[in-house]
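Undergrad: my questions concern the predicted model and sequence given below.
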Amino acid sequence: MIVAGLLAAALLSAAPPPDSTELVVRVLDVGQGDAILIENGGSRVLIDGGPERSRLGFLLDSLQLNNSTFDVVILTHPHADHLIGLRELFQTRRHINVRFFFENKDPYATANLRYLRDSINSRVAKAGLIYRDTDDPCANGRPVCTITMKGGAKLHIMRPFRPSPNPNNRSVAVKLVGPDSASFTMWLAGDAEQEAIGWFLGAAGYATTPGMRVNVLKADHHGSCNGVTNAYINALKPDAIVTSVGAVNGYKHMHTQAKTLFRNHHIPWYRTDQNGTIIIRTPGTPGGGYSVTAHGATNRSGPSDRRSTQAECNPIP
Amino acid sequence: MKPDTRKKAEHRWVVDSIEEFVVSIEVDGDRMITVPQSLLPSDAKQGHVLRVLRETASDGKRSTVTIELDEVATREAMAASAAQTKKGTRQPNDPGGDVAL
């Protein structure tokens, strides 16, 4: 146990040098939710904050990220399991600077979203934070906006599916491209479900710009069977899938049907409830490839995994 | 935490998400719980505000919980949320376009 703890601490503390092209992606173990930390050349991006302020706060402390700058923060959609942890970034005592904040700005009734937006608006007024709407991610009408990190990695932030009563389908999709694009790319689309996925593949044109072929997929919606289709996997063609999921969850995640689909496509998966924080590294140099570091083997099952009864999963199209 | 011993209590729930008969609820603007969807009014959807009334019998052997959709509170909360952001407007200090960090 002590060895595992020390190993975890070592994995968490190894940030990429600011003067290098190395790209490090951490799919943080935040329980049932998402929080992905991306660092490259001294630039830092956080996609979602997980379901608990205390958990993200612990990780901010462990990673020594107090008194630092988060260049870009993205809230994929306003559900609590992606949102609440982000409130911790704005705690005064942490002295964390946020330069850009992206979210869909949809109205939603929860107090947690209101508190977060209060904090964002305060930083807009006092500290010049730039607050962008993912429906217009470049603030110039273009559907795809590119953020270039200091080490050369790029994030393509894509306009989400049209207004929908299902907030999951308003998740913004992000494609991460390593400094050497041939070595590493990753697709992250929050909790987008099959309707939004069909739109990514079709009318949105994301298969062409910025392109959907990637090395790693962050599984949509915590490994739910409604967050994947065969066409999606065929377009992305990932070598590996990472899933952020809580071991004990009431949603039956990961769904049996999703795991079966991944298996049928011969794609191994990692999952935070069984593998802990998953770390992906690429040196960013030509031909450098990438590596995935996690505790334990791939393709594990968790105690909450069950078969879903949802119509869209029986079968998954 | 001490148990709530009041005979009557009212709570504000907001439906955060619904998936496969499981509902994530924000309670009184603070903590999150999950409840079976079967407990909620059938019209309850994501983003709705619910008024929850709990009454406890004086003999301590029974409690009654009423959960009702609060359409006025939902409209007010959604309007307040919409007013909090300025959709479709660019900040004066945002030059727009791609960003090089």
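TA: Thanks, I have it.
Undergrad: tell me the helices in chain A, going along the chain?
TA: Under the criterion DSSP state H, chain A contains helices at A:2-13, A:53-62, A:80-83, A:111-127, A:194-201, A:230-236, A:256-264, A:272-275.
Undergrad: give me the neighbour count for residue A:295.
TA: Neighbour count of residue A:295, defined by other CB atoms under 10 Å in any protein chain shown: 15. In this view, the C-beta of every residue, glycine as well, is placed from N, C-alpha and C.
Undergrad: same question, the one 5 residues further on
TA: Residues contacting residue A:300 under the criterion other CB under 10 Å number 16.
Undergrad: what's the pLDDT at the nearest residue to it once chain neighbours are set aside?
TA: Leaving aside its chain neighbours, residue A:300 sits nearest to residue A:274 (4.0 Å; criterion: CB to CB, 6 or more residues apart in numbering or on different chains). Looking at residue A:274, its pLDDT reads 98.
Undergrad: cool, residue A:19 as well?
TA: On pLDDT, residue A:19 comes in at 88.
Undergrad: other SSEs contacting the host helix or strand of residue B:72?
TA: Counting by DSSP states H and E, the element that carries residue B:72 is helix B:71-84. Contact analysis of helix B:71-84 by 3 or more CB pairs under 8 Å, 6 or more residues apart in numbering or on different chains; DSSP states H and E lists helix A:111-127, strand B:49-56 as its packing neighbours.
Undergrad: what's the average pLDDT for the longest one?
TA: Right, the one you point to is helix A:111-127. Helix A:111-127 comes out with an average pLDDT of 96.
Undergrad: list the buried residues of it.
TA: By 16 or more other CB atoms under 10 Å in any protein chain shown, the buried positions in helix A:111-127 come out as A:112, A:113, A:114, A:116, A:117, A:119, A:120, A:123, A:124.
Undergrad: spatially nearest residue to the most centrally placed residue in chain B (excluding sequence neighbours)?
TA: Chain B has residue B:14 as the residue nearest its centroid, 0.8 Å off, counting by CA atoms, centre = their mean. On the basis of CB to CB, 6+ apart, the spatially nearest residue to residue B:14 that is not a chain neighbour turns out to be residue B:26, at 4.4 Å.
Undergrad: and the contacts of the helix or strand where that neighbour lies?
TA: Here residue B:26 sits within strand B:22-27, counting by DSSP H and E. Here strand B:22-27 makes contact (CB atoms under 8 Å, 6 or more residues apart in numbering or on different chains) with A:79-81, A:110-112, A:250-251, B:11-18, B:32-37, B:39-40, B:44, B:50.
Undergrad: buried ones among these?
TA: Buried members of the contacts of strand B:22-27, scored by 16+ other CB under 10 Å, are A:79-81, A:110, A:112, A:250-251, B:12-18, B:32, B:34-35, B:40, B:44, B:50.
Undergrad: of the residues you listed, which belong to strands?
TA: Within those, residues falling in strands by DSSP state E are B:12, B:13, B:14, B:15, B:16, B:17, B:18, B:32, B:34, B:35, B:50.
Undergrad: near residue A:153, how many other residues are there?
TA: When neighbours are defined as other CB under 10 Å, residue A:153 has 31 of them.
Undergrad: what's the answer for the one 10 residues further on, then?
TA: Residue A:163: 10 surrounding residues under other CB under 10 Å.
Undergrad: how far away is it from residue B:87?
TA: Distance, residue A:163 to residue B:87, by CB to CB, to the nearest Å: 11 Å.
Undergrad: what does residue A:256 give?
TA: Going from residue A:256 to residue B:87 by CB to CB gives 39 Å.
Undergrad: tell me the pLDDT of residue 62.
TA: No chain specified, so I'll use chain A. Residue A:62 is assigned 95 on the pLDDT scale.
Undergrad: other chain: chain B
TA: 92.
Undergrad: what angle separates the strand holding residue B:26 from helix A:111-127?
TA: Interaxial angle, strand B:22-27 versus helix A:111-127 (axes from the mean of the first three to the mean of the last three CA atoms, to 10 degrees): 60 degrees.
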